[in-house]
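sequence plus predicted model, see below.
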Amino acid sequence: MRIPVLASSASSECLREDLEAEFLAAVAKANLVKSAYSTKQRLRLYSYYKQACLGDAPAAAPPAHLVVERTKHASWTRRRGLSKDEARRRYVVALNEITGGAWRDGHSGAGGAGGGAG
């Protein structure tokens, strides 16, 4: 006899909503103290944020004289092919690594480390 289980689509939707809420909370916390983060940390978070919100970066990079925009584009391009949900999950994981999980407590993290969306 088979025992019915919770429909996978309902379960997936619930998990997706939890992930979205956690991602939005992480972005909000990261943006409060993003100036405390290194450029490398900010670019890492930026690339996951853009992938999570918009998907793959455009193929064409900004013009060479726009150095900051080209750097951001290159960072985002490294996430090409990553699903939006996986990019959200990785954003949260990255922020946890950067802050030692302190963002969940409303602190910027040990040593002033943390992250922002760019």
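That came through fine. Numbers count the residues shown, from 1 in each chain.

neighbours of Thr39, just the number please.
Other residues lying near Thr39 total 9 when counted by other C-beta atoms under 10 Å. No exception for glycine: its C-beta is placed from N, CA and C like everyone else's.

I misspoke; the intended subject was Trp76.
22.

for whichever helix or strand Trp76 is part of, name the packing helices and strands.
Element membership for Trp76 (DSSP states H and E) is helix 67-77. Judged by 3 or more C-beta pairs under 8 Å, 6 or more residues apart in numbering; DSSP states H and E, the packing partners of helix 67-77 are helix 39-54.

how about the helix it packs on: buried residues?
Gln41, Arg42, Leu43, Arg44, Leu45, Tyr46, Ser47, Tyr48, Tyr49, Lys50, Gln51, Ala52 (16 or more other C-beta atoms under 10 Å).

circling back: pull the CA atoms of the helix holding Trp76 into PDB?
What follows is helix 67-77, C-alpha atoms only, in PDB (Å, rounded to 0.1, in the frame of the first residue of the first chain):
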ATOM      1  CA  VAL A  67      35.900  50.100 -15.900                       C
ATOM      2  CA  VAL A  68      33.500  49.600 -12.900                       C
ATOM      3  CA  GLU A  69      30.600  48.500 -15.100                       C
ATOM      4  CA  ARG A  70      32.900  46.100 -17.000                       C
ATOM      5  CA  THR A  71      34.100  44.600 -13.700                       C
ATOM      6  CA  LYS A  72      30.600  44.100 -12.400                       C
ATOM      7  CA  HIS A  73      29.500  42.600 -15.800                       C
ATOM      8  CA  ALA A  74      32.500  40.200 -15.700                       C
ATOM      9  CA  SER A  75      31.600  39.100 -12.100                       C
ATOM     10  CA  TRP A  76      27.900  38.600 -13.100                       C
ATOM     11  CA  THR A  77      28.900  36.700 -16.200                       C
END
